[in-house]
Each structure stands twice: as structure tokens, then as C-alpha cells.
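**Q** This is the structure alone, sequence omitted:
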């Protein structure tokens, strides 16, 4: 025969789980919810067997309990796929912008009717456009600014600093 816990016991259990959840904040949300659900079920089962006071005493302080769960979690890793996707999007946006800049130059040459080549620069890329009977464009130079921005986006979105933190934590003795 199972006994329904009193309002005070339910509040104490809830307050204990809230404090554990507070200390589990670095854990991913799905994993944290799963851990708290499992902990709640185990706590209810132990409460039915030995009472809430003994069950909470057996678990210890919420901070230490959360620390044990966090120790068992794998260290955060870089997200190279997301970094590569974001860098590809930035690079693609730069290529489209360069294309539209070149098309604008060709349109200006076509509307003026001039046959002399037009020269311009777009984010470090030298563009030369010619519109005489047909259209042509040549590109030269190394676009350093877009390449540096692309690299920074790759490193930031990919969370590259996790490589350093995982190496550092593997060297420190426990």
C-alpha cells in the first residue's frame, strides 16, 4: 500500500530537485531533464521505502550530487560541422555579393555604351569588367578580409576553444 507524501514532503523533494537542477546548469537540457527525471523516480522509490529524510540524507548535498553527475558527463567538444556550414554560408554570401558587384559594373558599362574596361575593387578583390559586343570580367588579388572573417566565423561557431579546454582538463590530475 503506497502512502501519498504530505504537502511538506512534496515541497522538500521539489526544493531539493530545484537546487540540483541549478547546479546541473552546464549540462545539456535534454540530458539534464533525463537525469532529473531519473533522480525524481529514485527519490520517490526511496521515500516509499525509508522515508524522505533518510532518502535525502542518502543523496547528500545538492551541489555535490550535481557535481558527481557533471563529472560523469563527457567534456564539451568542438562543433566542426556547424563551423564549416557557417563558414560556407559566409563565403557563399561574399561570392554572391562579388557577383552582384560585377553585374552592376557590367550594367553600368552597357548603359553608357563605352568599350573601355572598367576597374574596381570589392572587399579586396580587383574586378575588371569589359562590355564590348559581349561581356567579360576578370578577378585578381587575394580577398584577405572575407577570408579572415570566414575563418573567424568557422572558429567561433565551431567552438574551437573546446579543443584547448579538453586538452587542459585531461592534463590536470584529479
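**A** Ah, there it is. What you are looking at is a predicted structure, and each value in this text was computed from that prediction instead of being measured.
**Q** so where is this structure shaky, pLDDT-wise?
**A** Segments of the chain classed as low confidence (criterion: pLDDT under 70) are 1-3, 165-174.
**Q** Tell me how it divides into domains.
**A** Residue ranges for each domain of the chain read 7-72, 80-171, as given by automatic domain parsing.
**Q** For the residue most central in space within the chain, give its distance to residue 5.
**A** Taking CA atoms, centre = their mean as the criterion, residue 157 is the residue nearest the geometric centre of the chain, at 5.7 Å. Residue 157 is 47 Å from residue 5, where distance means CB to CB, to the nearest Å. Using the backbone N, CA and C atoms, a C-beta is placed for each residue, glycine as well.
**Q** now do residue 16
**A** Remark: distance between residue 16 and residue 5 (CB to CB) = 13 Å.
**Q** Have a look at these two and say which one is more surrounded.
**A** Between residue 16 and residue 5, counted using other CB atoms under 10 Å, residue 16 has the larger neighbour count: 20 against 16.
**Q** residues contacting that one?
**A** Applying CB atoms under 8 Å, 6 or more residues apart in numbering, we find residue 16 in contact with 43, 56, 59, 62.
**Q** Secondary structure element holding it?
**A** helix 7-23 (DSSP states H and E).
**Q** buried sites along that helix?
**A** Of the residues in helix 7-23, those buried under the neighbour-count criterion (16 or more other CB atoms under 10 Å) are 9, 12-13, 16-17, 20-21, 23.
**Q** need the helices for the protein, in chain order.
**A** Using DSSP state H, the helices found in the chain span residues 7-23, 29-50, 52-59, 62-72, 80-112, 144-157, 161-171.
**Q** Columns distance to residue 131 on top of those, output as JSON lines?
**A** Conversion of the helices of the chain to JSON lines gives the following (distance: least, CB to CB, whole Å):
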{"stretch": "helix 7-23", "distance to residue 131": "66"}
{"stretch": "helix 29-50", "distance to residue 131": "56"}
{"stretch": "helix 52-59", "distance to residue 131": "78"}
{"stretch": "helix 62-72", "distance to residue 131": "64"}
{"stretch": "helix 80-112", "distance to residue 131": "4"}
{"stretch": "helix 144-157", "distance to residue 131": "26"}
{"stretch": "helix 161-171", "distance to residue 131": "48"}
